[in-house]
Structure formats: structure tokens, C-alpha cells
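Undergrad: This is the structure alone, sequence omitted:
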């Protein structure tokens, strides 16, 4: 969106490119359903070479994990009652996320109405990560729906029941819990100041080029020196630091002084004026000749409304909490598992905020 907003300043080509991107993002925001697919345009050999330069001996990435990262994709789709640009969390009535590997889905999550659905290929994920999971046959009867999960079947949990359990636990007597504070947010005035500052930094440091064909497909490439752009963006945000939720956590120009200043490019693909793909070339940032191709690719489509999978086994929220407070897969908790570390007031309450 910041790149799209550079239409107000810069060269004539930047102006035209900025207007086209602005229009494409505007169309995207008017949709009620949207889907994204994210993947790495690279190969396992390049990933392992990059990891080997940063890992301690014996801690290198397994070949199976490199293959997953190079060939895997993350797909996300969401459906809202309102246009996406006007939607808040409560407006999204259905969402889905899927992590796929070379041989199919490894992890799936869906939110449909009041139900959360999930399934996982635990055996394949465990093998790829080097941490094999137990088979469903090894679990005791009290493992309940967890056995179904390890078998690769769908389970479901009530969203409302999870939220209610979280509230009850965070407000329980003696835990020292308080009502969670509201999520920090930006007011309209601060949002405008931030957007204007970022637009200016981008317009002064990013060059645009355009190319297109007769079939309605057009490419807009944005190119900038990485460290220079990052430094300018941080400098632009610095005066607003006290007005932003991130506060003192904001990095400084000194923190990125060692970052490479090689030029990186983002390639936006438009089809009949609509955004269909964004590819960010990161190969030069790796600073190694062994990595020939390394790009982050995001594909965009209108998407379909996610539906509830058939045959899901319900996981009772009380069963889930009982399992979390007991030993592995429903067994008793031993002193060895917890050690001698005392549980202080508020510790459990803080943990329950995950709900």
C-alpha cells in the first residue's frame, strides 16, 4: 500500500506506476472474499547452502525440511460480510489456512462460524523436522480426539467455548489476573501521518519500471537499495515513535547499519488492472554466490468461502484443558517434568491470554 501511494510524487513513470498500483489495491479492498498463496521461489540445495553458513556444526537444516520450504506453499483464504478494506475481526465469518508440502497438505486450519477445525499430517511433519511424533496407537484412551488428530483426521473445537474458558481462567480467584488490556491501535490522524511519512521515503528511494503485453498482463517493478530504503523508512517513522503501539521496540538506523545495500526488486503482476502476484527477489541479500535463486512470491485471487469439513470429531474444551494440565497425552504429571520451579501468581493467567 505504501508503494501504491507514491503516485503523488516522483517521476512521470513513478506517477503512472503508482496510480496503477493504487487502483489495483483499491479493487482488492472492495472484495468480500480473498485468497493468498505464499511460497519461496528457490530450491532445497540453495536453502541448505544458506543455512550451512549460519548454523553451528551438527545443527544444519535436514534435507527433508529444506525440500518442504522450497516446494511447500501456505494458502490463506478469508470471507467477510463487508468489503475487506472495511472489515474488522468480527466481520470475518470464515477463514482457512493450509500448509502444503511436496506430497499434499501437512496442516490445515479453518474457522467457519462458531467452529474451529484442524487436521495435521503429524507423521510427515515429525519426520521432516527430525522429531518423530508418537503414533495414534501408542496413545492411551484418555487422549480422546488427539488420537484422531494424529491419525490425520479432522477435529473441531467450539470457538465460543474456548473464548469463555479463557475468560473464566483469566478471571479466576487467586491467580492475580486482570482483564486483558485492549489491543493497541492507531487513530486516523496518526495513521495518516505514518502513511505520508512512509510514502515520502519510498518515493525518494524507489524506482519504478513498467512493461506489459497485449493480453492485459502488466508488470510493475519497484527497485531500491535495501539498507538505504530501510534506513529512510526507520527515520521517517522515528518522529512518530511515541504515537505508535510498538513504542521503544522500533529498530534504529544503527541496528541495520550492517545490512547489505544491494538493490532488491519487487515485481507486481497486474491482469486487467487487478493485482495477481507479487514477487520479491531476495537472492542478492543472501550475499552468497551459492544461492542463485531466492524469491518470496505471493499470489492473489478472489477466493471462495471456506466450508466446514465433514466428519470432524469434536474436541471438548474441558478435555483439552485437562490434557494441558496433565502429563504427556493424558498421563500424570511427575515432579521431574516440572522440576522445582515454583508457579508464581499470574503465571497461568498470562498463559491463558492465548485464547
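TA: Cool, got the structure. This is a predicted model, so every value here is computed, not measured. Numbers count the residues shown, from 1 in each chain.

Undergrad: could you point out where the stretch 251-355 of the chain is predicted with low confidence?
TA: The stretch 251-355 of the chain contains residues with pLDDT under 70 at 319-355.

Undergrad: where along it do the helices fall?
TA: Assigned helices in the stretch 251-355 of the chain, in chain order: 317-324, 335-338, 347-351 (criterion: DSSP state H, counting those that start in this stretch).

Undergrad: In stretch 60-67, which residues are buried?
TA: Buried residues in stretch 60-67, counted by 16 or more other C-beta atoms under 10 Å: 61, 64-67. C-beta here means a position set from N, CA and C on the backbone, and glycine is covered the same way.

Undergrad: do the same with stretch 243-258
TA: Within stretch 243-258, no residue is scored as buried using 16+ other C-beta under 10 Å.

Undergrad: can you give me how far it is from the chain middle?
TA: For stretch 243-258, the separation from the chain centroid amounts to 21 Å (computed by C-alpha atoms, centre = their mean, to the nearest Å).

Undergrad: Likewise for stretch 222-231?
TA: Relative to the chain's own centre, stretch 222-231 is displaced by 23 Å; criterion: C-alpha atoms, centre = their mean.

Undergrad: Any chance you could list what contacts that stretch?
TA: Contact with stretch 222-231 is made by 3, 17, 201-202, 205-209, 253, 256-257, 259-266, 268, 285, as judged by C-beta atoms under 8 Å, 6 or more residues apart in numbering.

Undergrad: show me where pLDDT drops low in the chain?
TA: 1-15, 141-144, 169-187, 213, 246-248, 319-355.

Undergrad: Tell me where it has strands.
TA: Secondary structure of the chain (DSSP state E): strands located at 33-41, 73-80, 92-101, 104-112, 115-120, 155-158, 207-212, 217-225, 263-271, 274-281, 295-301, 313-314.

Undergrad: Now do the buried residues in the second one.
TA: Along strand 73-80, these residues count as buried under the neighbour rule (16+ other C-beta under 10 Å): 75-80.

Undergrad: what's the answer for stretch 279-294, then?
TA: Buried residues in stretch 279-294, counted by 16+ other C-beta under 10 Å: 279-283, 285-286, 291, 294.

Undergrad: Tell me the spacing between residue 193 and residue 200.
TA: Separation of residue 193 from residue 200 (C-beta to C-beta, to the nearest Å) stands at 11 Å.

Undergrad: just residue 20 next, same as before
TA: 20 Å.

Undergrad: which one of the two has more residues nearby?
TA: residue 20 (21 against 17; other C-beta atoms under 10 Å).

Undergrad: Surely that one and residue 218 touch.
TA: Yes - at 7.3 Å, residue 20 counts as touching residue 218 under the criterion of C-beta atoms under 8 Å.

Undergrad: what's the overlap in contacts for these two?
TA: Common contacts of residue 20 and residue 218 (C-beta under 8 Å, 6+ apart): 210, 270.

Undergrad: Which stretches in the stretch 101-250 of the chain count as helices?
TA: Counting by DSSP H, counting those that start in this stretch, the helices of the stretch 101-250 of the chain are 122-129, 145-150, 159-170, 188-205, 226-237.

Undergrad: Enumerate the positions of the last one that are buried.
TA: This points to helix 226-237. For helix 226-237, a neighbour-count test (16+ other C-beta under 10 Å) marks 226-227, 229-234, 236-237 as buried.

Undergrad: gap between residue 282 and residue 51?
TA: For residue 282 relative to residue 51 (C-beta to C-beta), the value is 15 Å.

Undergrad: swap that for residue 318, sorry
TA: Relative to residue 51, residue 318 is positioned 42 Å away (C-beta to C-beta).

Undergrad: Pick out whichever of those two has more residues nearby.
TA: Taking other C-beta under 10 Å, residue 318 and residue 51 do not tie; residue 51 has more neighbours (16 against 10).
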